[in-house]
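Asks: Pasted the sequence and its predicted model underneath.
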Amino acid sequence: MKNGLMLGISAQDCLEILTEDYFNVQCLQILLIKVVGYAIIAGSLFLKTPQIYKVIKSKSVVGLSLISIYGDTLIALINFIYHHLNNSPISTYGELIAIIIQNILLVLLIWSFPSKTKASNLGKLLTILMLVVISITSLSLPKANWNLLTLTNIPLLLLAKVPQIYEIFKLGHTGQLAFSTMLLNAVGTIMRTITIVYEIGLNPIIIQYIIGIFLNM
């Protein structure tokens, strides 16, 4: 896989080059993109913290769409598997781990607090089984079909975002959906698209991120 503007030069190589050539533009670009990539990962640790805090404090999940969070979790899981299979640099997808964990916490909160869409025990079990089956199936795909994972996520994006948009429109406010979470998600998606282009190059997963940018606005 071609490394975008890095052209085969690693960040470690750049550190050595910069000891002799302090203003090497290509290496400065590479290190900047690396810093941005890790900054996105650090920021993701707090991406949904405001939302989780609001739910716990109010003991209410009003404004949150369970289907959207299911979809968001599945998208993050499939993207993580795709990057893992392709041996992508961790700086281009490390935030997915934090997003998956935080989404799972949100799902558990929604399952715990009263809501109009409260899941049955059977529904909870089927959801867990679905995630396990999809994970095993995705990891077992032959290399020629890995790009199908990113294409699968395009309809999932609509499944994840449209119900949440409708829920906000219906209520006339964001409910327990924190504005800071929405803003960080939108900004993070834009920045992640840029870092992937630089570190991995033009890749089918970019289509998914571009659609995500518009749906997050």
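Replies: Nice, I can see it. Keep in mind the model is a prediction, meaning the values are calculated, not measured.

Asks: got a list of what L139 touches?
Replies: Applying Cβ atoms under 8 Å, 6 or more residues apart in numbering to L139 gives the contacts 81, 85. Heads up, the C-betas are built off the backbone N, CA and C, glycines and all.

Asks: Check the gap between it and I81 for me.
Replies: 6 Å (Cβ to Cβ, to the nearest Å).

Asks: Equivalent analysis for E16, please.
Replies: Remark: distance between E16 and I81 (Cβ to Cβ) = 34 Å.

Asks: Look at those two and report which has more neighbours.
Replies: I81 (19 against 11; other Cβ atoms under 10 Å).

Asks: How about Q208, nearest residue that isn't a chain neighbour?
Replies: Sequence neighbours aside, N153 is the residue nearest to Q208 in space, at 5.0 Å (criterion: Cβ to Cβ, 6 or more residues apart in numbering).

Asks: Check the burial of the one you found by counting its neighbours.
Replies: Using other Cβ under 10 Å, N153 has 26 other residues around it.

Asks: Please, which helix or strand holds it?
Replies: Using DSSP states H and E, N153 falls within helix 147-171.

Asks: as a whole number, average confidence for that helix?
Replies: Mean pLDDT, helix 147-171: 78.

Asks: helices and strands around that helix, which ones?
Replies: helix 66-85, helix 205-216 (3 or more Cβ pairs under 8 Å, 6 or more residues apart in numbering; DSSP states H and E).

Asks: List the contacts of it.
Replies: Counting by Cβ under 8 Å, 6+ apart, 62-65, 67-72, 74-75, 78-79, 81-82, 85, 138, 141, 174-175, 177, 203-205, 207-208, 211-212, 215-216 sit against helix 147-171.

Asks: now the residue nearest to Q208: how far from Q51?
Replies: Applying Cβ to Cβ, the value for N153 to Q51 is 22 Å.

Asks: before we move on, what about N203?
Replies: From N203 to Q51 the distance is 29 Å (Cβ to Cβ).

Asks: which secondary structure elements does the worst-scoring helix or strand of the chain on mean pLDDT contact?
Replies: Within the chain, no helix or strand scores below helix 11-18, which has a mean of 72 by mean pLDDT, DSSP states H and E. Contact partners of helix 11-18 among helices and strands, from 3+ Cβ pairs under 8 Å, 6+ apart: helix 25-44.

Asks: how far does the helix it packs on sit from the chain's center?
Replies: Between the centre of helix 25-44 and the centre of its chain there are 17 Å (Cα atoms, centre = their mean, to the nearest Å).

Asks: Next, the buried residues of the next helix or strand along the chain from that helix.
Replies: Sequence-wise, the next helix or strand downstream of helix 25-44 (DSSP H and E) is helix 49-58. By neighbour count on 16 or more other Cβ atoms under 10 Å, the buried set for helix 49-58 is 49-52, 54-55.

Asks: Can you redo those residues as CSV, where the extra columns are distance to L31 and pLDDT?
Replies: Formatted as CSV, the buried residues of helix 49-58 follow (distance: Cβ to Cβ, whole Å; pLDDT from 0 to 100):
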residue, distance to L31, pLDDT
T49, 28, 87
P50, 31, 84
Q51, 33, 84
I52, 33, 89
K54, 37, 85
V55, 38, 86
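
Asks: okay, and for the chain, where does confidence drop off?
Replies: Scanning the chain for pLDDT under 70 picks out the ranges 1-12, 115-117, 164, 166-181, 216-217.

Asks: Stretch 28-45: how far from the chain's middle?
Replies: 15 Å.
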